[in-house]
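> Predicted model and sequence below, questions to follow.
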Amino acid sequence: QVQVVESGGGLVQAGGSLRLSCAASGQTFNRYLMGWFRQAPGKEREFVAAHRWRGGSSYYAYYADSVKGRFTISRDNAKNTVYLRMNSLKPEDTAVYYCAATNSGSVYYDSEYDYWGQGTQVTVSS
């Protein structure tokens, strides 16, 4: 069982930056694929980014096309925490951002993630 708690959301102007954090419980944190999803009002939840640790300094990072080059996902296994650094924010990035964890191989589908946080609101004003 893994519990995840997001933090770091808020209100920011377009072009600004935010860093979201996701703290996870559990002793096997490094085995989990950690993902970020978001859901805007009236829209379905969508994949944003994911991080799979492969050992040492090796990892895979995955991004939605809409955030590539602007968002960076990272993790600190010693702190059981995954981060999402968001730069050059746009009004269309406004959403509730969710952190999730899974042991499965699937990256992009929210149905494949087993553990979810409560979400943190990100609002980007124009």
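Thanks, I have it. Numbering: from 1, shown residues only.

> most centrally placed residue in this protein?
Centroid check for the chain by Cα atoms, centre = their mean gives Trp36 as the closest residue, at 2.4 Å.

> Quick check: which element contains it?
Secondary structure assignment for Trp36, by DSSP states H and E: strand 33-39.

> ditto for Ile73
Applying DSSP H and E as the criterion places Ile73 in strand 71-76.

> Show me what that strand packs onto, helices and strands only.
Packing partners of strand 71-76 (3 or more Cβ pairs under 8 Å, 6 or more residues apart in numbering; DSSP states H and E): strand 33-39, strand 46-55, strand 58-63, strand 81-86. The C-beta positions use only the backbone N, C-alpha and C, and glycine is treated the same way.

> cutoff 10 Å now
Contact analysis of strand 71-76 by 3 or more Cβ pairs under 10 Å, 6 or more residues apart in numbering; DSSP states H and E lists strand 18-24, strand 33-39, strand 46-55, strand 58-63, strand 81-86 as its packing neighbours.
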